[in-house]
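> predicted model and sequence below, questions to follow.
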Amino acid sequence: MCQTGGTEGAKEMAEKLESEGFNITTVIVPEEVCDNRVMKKDARNIEEELQHTDAILTLSCGLGVASITEVLSNKFPLIPVFVGTNTEFMGMTERIGRFYMRCQGCGDCLLNETGGICPITTCAKALMNGPCGGMVEGMCEVGNYEKDCGWVLIYKRLKQLGRLDLFSKLREPRNWSESGHQREVVWR
Amino acid sequence: MTEAKSYSKLGEALAKGEFILTGELEPEKTCDLSHTIEEAKQMAPYVIAANVTDSPLGIVTINSMAATHLIQKATGLECVWQMTVRDVNKLGIAGMIMGAQALGIHNILSLTGDHTAMGDLPESKPVFDLDSATLIKLVREMVDKGSINGHEIEDPPKLHVGGAANPNSNPMEPEILKIGRKAEAGCEFIQTQVVYDLDRTIEFLTGIRKYKVPILLGIFPMKSYGIAKGFDTFVPGVSVPKEILAKWKSVKKDVTDKKQQKELYDQYNYDLFKPFIGELKRKKLIDGIHCMAVHYPRIFPKLNDIIRG
């Protein structure tokens, strides 16, 4: 969807690597690389090629690297998986080619109090009680006043909803006690 | 705010409702504070306390708590330790507050701080674990309840805590509501960002008066045309009105004698701020003045005249 890889991108990268002298054993486009179950099925289809593979290059986000490494860990533990992209963020899609960071999956959600706009993501300082003095004419000091101040967006939205009472609330600091280590969700 | 406990001269003046003058000292990227100490000595007869800045604009300087302590020790001038939440997490700040008490620091100004990306070490990790309101709340818990998140402090600190406000803020309403949060957190005084627009300042101060926190109005007397121009260009959200810049420029251009130039700048500052402050005092919108003109201590006798006049 982000077109960091896809059929064309993968093919283009394979050609580039070949021109650099690499031998490409196979090129695949898994349906959903970060879902271990789907990835396992795709990996089974290329087991023959993997026997002769020294390294895997993935054009997915960082989750893809983790998923492929995990899926191959039993049968092909010695194949390193490299990442060919720099994962910027897990974004919202406006349309193809326009993606915006709107959630960081922080594990301490306060969207119900902020009109659905996340201050952890849209405020450059991730403040719980903004705006700060770096806001000028509704814009943020970080990035040369080209991006909206997240807290002004929150103010406008809450005003529109008639809920400035929520804006006026003094919020406690974010709770990091559960965020500072590897997180997992296991419910079955 | 719990009543009538004063831990500092500033706290005492606030409690008495005196009209207050505070100054500002800006230690630089150095371990030698002699220039700052000299400035502190010059302003000491006129101010009740002086703020000591914490790496303003995100440009790293000597640590503000250490500088506050050393300036107080060398001059006897009481300081307001500026602490931003930019560089230290909650655990670190709580430790510093106890350290500040042990070093004889009794006023703290809680600030967010300019983002690391703005300064000279943009690769630094921005912390912002607390924010300017929750730092105020933390100080008040430590002082009033003698605890940190409910954990008892054997010998708690005794500090007064203030916050900042920006009357130039546009839109203004979210800034006003934010001051409400700071008041709820226990803010004992407000020092505002520098102002030049009287109407806007009146509108803002009227908006925050309901929170009943003493307000020290931020002003910036301009020592020279170069300083005025630089301030106009580099300080986010504050612009010096064109007619003022033109007036200051004329001094630089038309007056060749350096001594005369100085006298004229001083006089123009007096003429600019006397009616401005007078009007706000008359309207009972301010409880004092916070002069942020660093490296310009000779202006203090004139400011003192304005305030006492």
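Structure received. Numbers count the residues shown, from 1 in each chain, chains lettered A, B, ... in the order given.
> for the most centrally placed residue in chain A, which residues are in contact?
When CA atoms, centre = their mean is applied to chain A, the residue found nearest the centroid is A:Met90 (2.3 Å). A:Met90 makes contact with A:Cys61, A:Met101, A:Cys103, A:Gly105 under the criterion CB atoms under 8 Å, 6 or more residues apart in numbering or on different chains. Any C-beta I mention is one placed from the backbone N, CA and C, and that applies to glycine too.
> what do you get for B:Lys178?
B:Lys178 sits next to A:Asn129, A:Gly130, A:Pro131, B:Ala133 when contact means CB under 8 Å, 6+ apart.
> ok, B:Glu203 next?
Going by CB under 8 Å, 6+ apart, the list of residues near B:Glu203 reads B:Met172.
> in a strand, it, correct?
No: B:Glu203 is assigned helix when assessed by DSSP: H, G, I helix; E, B strand; the rest coil, not a strand.
> ok, it to A:Asp54 distance?
In this view, B:Glu203 and A:Asp54 are 69 Å apart by CB to CB, to the nearest Å.
> circling back to that earlier point, most neighbours, which of the contacts of A:Met90?
A:Cys61 (22 neighbours; other CB atoms under 10 Å in any protein chain shown).
> would you list the phi and psi of the closest residue to it other than its chain neighbours?
Once flanking residues are discounted, A:Cys61 sits nearest to A:Thr87: 4.3 Å by CB to CB, 6 or more residues apart in numbering or on different chains. With angles defined as degrees, to the nearest 10, A:Thr87 sits at phi -70, psi 120.
> A:Thr87 reaches A:Gly64, doesn't it?
No: with contact defined as CB atoms under 8 Å, A:Thr87 does not reach A:Gly64; the gap is 9.1 Å.
> neighbour-wise, which of these two wins?
Counted by other CB under 10 Å, A:Thr87 and A:Gly64 do not tie: A:Gly64 has more neighbours, with 23 against 14.
> where does chain A dip in pLDDT?
A:1, A:180 (pLDDT under 70).
> how about the residues of it by chain B?
By CB under 8 Å from any CB of the partner chain, the residues of chain A that approach chain B are A:124-138, A:141-143, A:151-152, A:155, A:159, A:164, A:167-174, A:176.
> buried ones among these?
Neighbour-count burial (16 or more other CB atoms under 10 Å in any protein chain shown) applied to these gives A:124-136, A:138, A:141-142, A:151-152, A:155, A:167, A:169-171, A:173-174.
> helices and strands around the helix or strand containing B:Phe276, which ones?
Secondary-structure assignment from DSSP states H and E places B:Phe276 in helix B:258-282. When contacts are defined as 3 or more CB pairs under 8 Å, 6 or more residues apart in numbering or on different chains; DSSP states H and E, helix B:258-282 sits against helix B:198-208, strand B:215-219, helix B:242-254, helix B:300-308.
> just name the most buried of the ones you listed.
Mean neighbour count (mean count of other CB atoms under 10 Å in any protein chain shown) peaks for strand B:215-219 among the helices and strands packed on helix B:258-282, with a mean of 25.
> from the contact counts, what lies against that one?
Contact here means 3+ CB pairs under 8 Å, 6+ apart; on that basis strand B:215-219 packs against strand B:189-194, helix B:198-208, helix B:258-282, strand B:288-291.
> one more time with 10 Å
In this structure, strand B:215-219 makes packing contacts with strand B:20-25, strand B:160-165, strand B:189-194, helix B:198-208, helix B:258-282, strand B:288-291, judged by 3 or more CB pairs under 10 Å, 6 or more residues apart in numbering or on different chains; DSSP states H and E.
> save the ones you listed as CSV, and put in mean pLDDT too.
Listed next are the helices and strands packed on strand B:215-219 as CSV, based on pLDDT from 0 to 100:
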stretch, mean pLDDT
strand B:20-25, 98
strand B:160-165, 98
strand B:189-194, 98
helix B:198-208, 98
helix B:258-282, 97
strand B:288-291, 98
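> settle this for me: B:Ala228 is touching B:Phe234, isn't it.
No: the criterion here is CB atoms under 10 Å, and B:Ala228 misses it with B:Phe234 at 11.5 Å.
> give me the more crowded residue out of these two.
B:Ala228 (22 against 9).
> ok, now how distant is the more buried one from B:Ser239?
Distance from B:Ala228 to B:Ser239, by CB to CB: 11 Å.
> tell me, what's touching those two both at once?
B:Leu245 (CB atoms under 10 Å, 6 or more residues apart in numbering or on different chains).
> from start to finish, how long is stretch B:123-142 in a straight line?
Distance between the two ends of stretch B:123-142: 33 Å, counting by CA to CA, to the nearest Å.
> next, the buried residues of it.
Neighbour-count burial for stretch B:123-142 flags B:126-142 (criterion: 16+ other CB under 10 Å).
> for stretch B:226-235, same thing?
Within stretch B:226-235, the residues scored as buried using 16+ other CB under 10 Å are B:Ile227, B:Ala228, B:Lys229, B:Phe231, B:Asp232, B:Val235.
> I'd guessed the first one sits against B:Tyr296; true?
Yes: applying CB under 10 Å, one finds B:Ile227 in contact with B:Tyr296, separated by 7.8 Å.
> so what sits against both of the two?
By CB under 10 Å, 6+ apart, the residues touching both B:Ile227 and B:Tyr296 are B:Phe220, B:Pro221, B:Tyr265.
> can these go into a markdown table with extra columns for distance to B:Val47?
Formatted as a markdown table, the shared contacts of B:Ile227 and B:Tyr296 follow (distance: CB to CB, whole Å):
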| residue | distance to B:Val47 |
| --- | --- |
| B:Phe220 | 15 |
| B:Pro221 | 13 |
| B:Tyr265 | 20 |
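> closest to chain A among these?
Lowest distance from chain A to the shared contacts of B:Ile227 and B:Tyr296 (CB to the nearest CB) belongs to B:Phe220, with 14.7 Å.
> just list whatever residues bridge to the closest residue to the closest one other than its chain neighbours.
The shortest distance from B:Phe220 to any non-neighbouring residue, by CB to CB, 6+ apart, is to B:Val194 (4.2 Å). According to DSSP bridges, the partner residues bridging B:Val194 are B:Gly218.
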